[in-house]
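Chemist: fold the following for me, if possible:
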Amino acid sequence: MTELPLIGEAVAVAAEPRLAGARIGVVTFPGTLDDRDAARAVRLAGGTAVPLWHADTTLGDVDAVVIPGGFSYGDYLRAGAIARFAPLMSKIIDAANSDAKLPVLGICNGFQILTESHLLPGSMIKNDHLKFMCRDQVLRVENSNTAWTLDYEAGQEITVPLKNQDGQYIADEKVLDALEAEGRVVFRYVGFNPNGSRRDIAGISNAAGNVVGLMPHPEHAVEVGFGPESLDGIGGSDTDGLGFFTSVLNKIVGGAK
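Modeler: The predicted structure follows:
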């Protein structure tokens, strides 16, 4: 039997020293749950995690931003509806839409916030079965050219945890057709659609590819021995989520494919 590392001693990859200078901001809202996990994923990938508070009025000198999962403001009104108006979000929106095209990743509640902010089209509603869902989920990488997917291959199948209640992605047919035609569907559910999302969509990007939102949680699949294994012979290893973070780090330092 393979010996697993002790908690706190797990190693995902041998991080490259050249990546350490890349600074990835991780935003915390009231009700955020996965900010520490996202920051740990950044560190395991080799970058420097920078904590950002929702009431901050500046992004400082970060090179990219992760909006992690949780229940910002208790999901009152709608998931992400209040967080969208946080002072820091106006800075993130401006930076993402600027000529610099700041890379932004929204995970779960972060994806919901990105749709509420209109950085991404469509909306998130209750799962079609009206229950909270928590499982290891197989995804297919549909677009490997975004800032957050450069270290994957198109068509690659990965396994990452999923946990949501408002995870059903919806948009009108015109928007869905445009996303498909423009290659902006970044991830699709494989084998099982856990929430009824239109066209099995698990994640999308903006037109420039610097903003990506997805419902599953790659930050929970970054350490050997502590992530999901392949499901029914498909998917990959328990570090399948690490590629999100190495992708953006490599892009920042100029080593992207």
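
Chemist: can you give me the helices in the stretch 151-257 of the chain?
Modeler: For the stretch 151-257 of the chain, applying DSSP state H, counting those that start in this stretch gives helices covering 173-181, 242-253.

Chemist: in terms of secondary structure, what does the first one contact?
Modeler: Spelled out, it's helix 173-181. Counting by 3 or more C-beta pairs under 8 Å, 6 or more residues apart in numbering; DSSP states H and E, the packing neighbours recorded for helix 173-181 are strand 201-205. To be clear about C-beta, it is placed using only N, CA and C from the backbone, and glycine gets the same treatment.

Chemist: compute the inter-axis angle for the strand it packs on and helix 173-181.
Modeler: 80 degrees (axes from the mean of the first three to the mean of the last three C-alpha atoms, to 10 degrees).

Chemist: would you put the C-alpha positions of strand 201-205 in CSV?
Modeler: Only the C-alpha atoms of strand 201-205 are listed here, as CSV (Å, rounded to 0.1, in the frame of the first residue of the first chain):
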residue,chain,number,x,y,z
ILE,A,201,-21.7,23.3,-19.1
ALA,A,202,-19.4,23.3,-16.0
GLY,A,203,-17.4,26.3,-16.8
ILE,A,204,-17.1,29.2,-19.3
SER,A,205,-14.8,32.1,-20.2
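
Chemist: what lines up beside it in the sheet?
Modeler: strand 185-189 (antiparallel), strand 211-214 (antiparallel) (DSSP bridges).

Chemist: I'd like the mean pLDDT over it, please.
Modeler: Averaging pLDDT along strand 201-205 gives 98.
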